[in-house]
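Novice: Need coordinates for the following:
(chains A and B)
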Protein chains: 2
Amino acid sequence: MVTKNQIKLVVSLKQKKYRSQHGLFVVEGQKTVNELLQCGLKPYKLFVDDSHNPHDFAGFELVSKTLLKQMSSLANPSGVLGVFYIPDPKKMEESDWIVALDAIRDPGNLGTIIRLCDWFGVKHLVCSEDTVDCYNPKVLQATMGSIARVNMMYTNLQNFLGKTKLPVYGTFMDGEPVYDKKLPLGGILVMGNEANGISNEISGFITERISIPQFGEATAESLNVATATAILLNEIRR
Amino acid sequence: MVTKNQIKLVVSLKQKKYRSQHGLFVVEGQKTVNELLQCGLKPYKLFVDDSHNPHDFAGFELVSKTLLKQMSSLANPSGVLGVFYIPDPKKMEESDWIVALDAIRDPGNLGTIIRLCDWFGVKHLVCSEDTVDCYNPKVLQATMGSIARVNMMYTNLQNFLGKTKLPVYGTFMDGEPVYDKKLPLGGILVMGNEANGISNEISGFITERISIPQFGEATAESLNVATATAILLNEIRR
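Specialist: Below is the predicted model of the structure:
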């Protein structure tokens, strides 16, 4: 039986404060829940509503559709909801490429960037403390399970960049075209805020200023940060 | 004075049916409205609310904040709203690259792809008839004025691809890695639906099957269609 307190707990996890306090987060959808289980993330509680066949959901607690809807963040809940323990960050290996985010605010952008790191085999994603929380339901919806395969770390980005021995790349309008650069096998790629780009505090740590060339008439003002990340990770790996 | 019928008209333009019927669409925000005017798009009516200085808005009709909110599609209207005539499609030049979309449904994805075409100097974007309407308010919000610089055409994609003399590229999981391909100076890049990829009806017209290589463990299932478009346009132009 699911208790009132458990429902209250799950609902509270929509807020970052309670996710941090309890060390728990919520994902929805059979596919994503299964992916997280397969990746070895530790479940706290798994729920399935009574529109599903309970035999297909060993280890899940059966709840009514109404109860599951109460716990869900979605307008149309899928009927499968998992509460997982937030994993401990893994030790950072300073070889290969690392992506660092400076104040990314849009959950969809962060979700897409996590998925891109997964696609391009980038193991570590370092986020400034004012980057949107990666366990935000809207971020998780956009990551499609990639959250389980990319090591997330929230930290003071200035301290982190101050200590690294890797070259630090950042995108600026007046940077050198990325096509002309010989990119090394390891480095840090810093992506800046949606509206303001890389902040003044961080830009001092950038050792390599790069840009994505624009074609045709120079009119489109900028690329969305997630599409720019896609292009740069492709340049790094190709 | 703005009449009741005018307000009714503007509100009706949130629906595709009425946009087609009247040949009009709505954009919001001072920057986007100005960009469209600069690009030579013909305005039908321009509105500004009384929180702005009317001297900065010659040719705009002054309305109350309440009225503008009534016309707006946004939760927080910016106070500047333009109604524009839908431009006639320009004659397609079959040189250079053309992007073709097969049933893209998400307004944010279409908006991002329009912005990418603008950035990479792709002049023509051909959409299947079941692709989301490019004058949908959510698409326009994502395009940031690029809509005025990319020639949009909605058509029967099978007919279009059946007639072209350009090579037709499409992304498939089992396609040849795009890095190994020598890309020509002109072609058609077909991008498929978010859930199903390129449809069976369209795949017969693809002459070059390509893929974006995945790195690390093969786990992330697929890239979002907008990020995949970003990577492929970059490959085409670099």
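
Novice: burial measure for the residue nearest to residue A:215 when sequence neighbours are not counted, as a count.
Specialist: The spatial neighbour of residue A:215 that comes closest, neighbours along the chain excluded (Cβ to Cβ, 6 or more residues apart in numbering or on different chains), is residue B:121 at 3.6 Å. The C-beta positions use only the backbone N, C-alpha and C, and glycine is treated the same way. Neighbours of residue B:121 under the rule other Cβ atoms under 10 Å in any protein chain shown: 19.

Novice: now swap in the one 5 residues further on and tell me
Specialist: Neighbouring residues of residue B:126 were enumerated by other Cβ under 10 Å; the total is 23.

Novice: what bridges to it?
Specialist: residue B:100, residue B:153 (DSSP bridges).

Novice: Kindly provide the distance from it to residue B:99.
Specialist: Plainly put, residue B:126 is 7 Å away from residue B:99 if you go by Cβ to Cβ, to the nearest Å.

Novice: between these two, what contacts are shared?
Specialist: residue B:188 (Cβ atoms under 8 Å, 6 or more residues apart in numbering or on different chains).

Novice: which parts of chain A sit against chain B?
Specialist: Residues of chain A lying near chain B by Cβ under 8 Å from any Cβ of the partner chain: A:108, A:112, A:115-116, A:118-123, A:144-146, A:149, A:179, A:212-217, A:219-221, A:223-224, A:226-228, A:230-231, A:234-235, A:237-238.

Novice: change it to 7 Å
Specialist: A:112, A:115-116, A:118-121, A:144, A:146, A:149, A:179, A:214-216, A:219-221, A:223-224, A:226-227, A:230-231, A:234, A:237-238 (Cβ under 7 Å from any Cβ of the partner chain).

Novice: Tell me how far the residue of chain A positioned farthest from its centre lies from residue A:191.
Specialist: Distance from the C-alpha centroid of chain A, by Cα atoms, centre = their mean, peaks at residue A:217 (33.8 Å). Counting by Cβ to Cβ, the gap from residue A:217 to residue A:191 is 26 Å.

Novice: what's the answer for residue A:88, then?
Specialist: As judged by Cβ to Cβ, residue A:88 and residue A:191 stand 25 Å apart.

Novice: More neighbours: which of the two?
Specialist: Between residue A:88 and residue A:191, counted using other Cβ under 10 Å, the more crowded position is residue A:191 (24 against 8).

Novice: Who are the contact partners of that one?
Specialist: A:99, A:101-102, A:225, A:228-229 (Cβ atoms under 7 Å, 6 or more residues apart in numbering or on different chains).

Novice: Would you mind checking which of the residues you listed is nearest to residue A:134?
Specialist: Among the contacts of residue A:191, residue A:101 lies closest to residue A:134 (Cβ to Cβ), at 9.8 Å.

Novice: That closest one: what's it in contact with?
Specialist: A:113, A:125, A:127-128, A:131, A:191.

Novice: Now do the contacts for residue A:19.
Specialist: By Cβ under 7 Å, 6+ apart, residue A:19 lies in contact with A:13, A:25, A:86, A:135.

Novice: Could you double-check that the second one sits in contact with residue A:135?
Specialist: Yes - assessed by Cβ atoms under 7 Å, residue A:25 is found in contact with residue A:135 at 3.8 Å.

Novice: Look at these two and report which has more neighbours.
Specialist: Shown here are residue A:25 and residue A:135; by other Cβ under 10 Å, residue A:25 has more neighbours (28 against 19).
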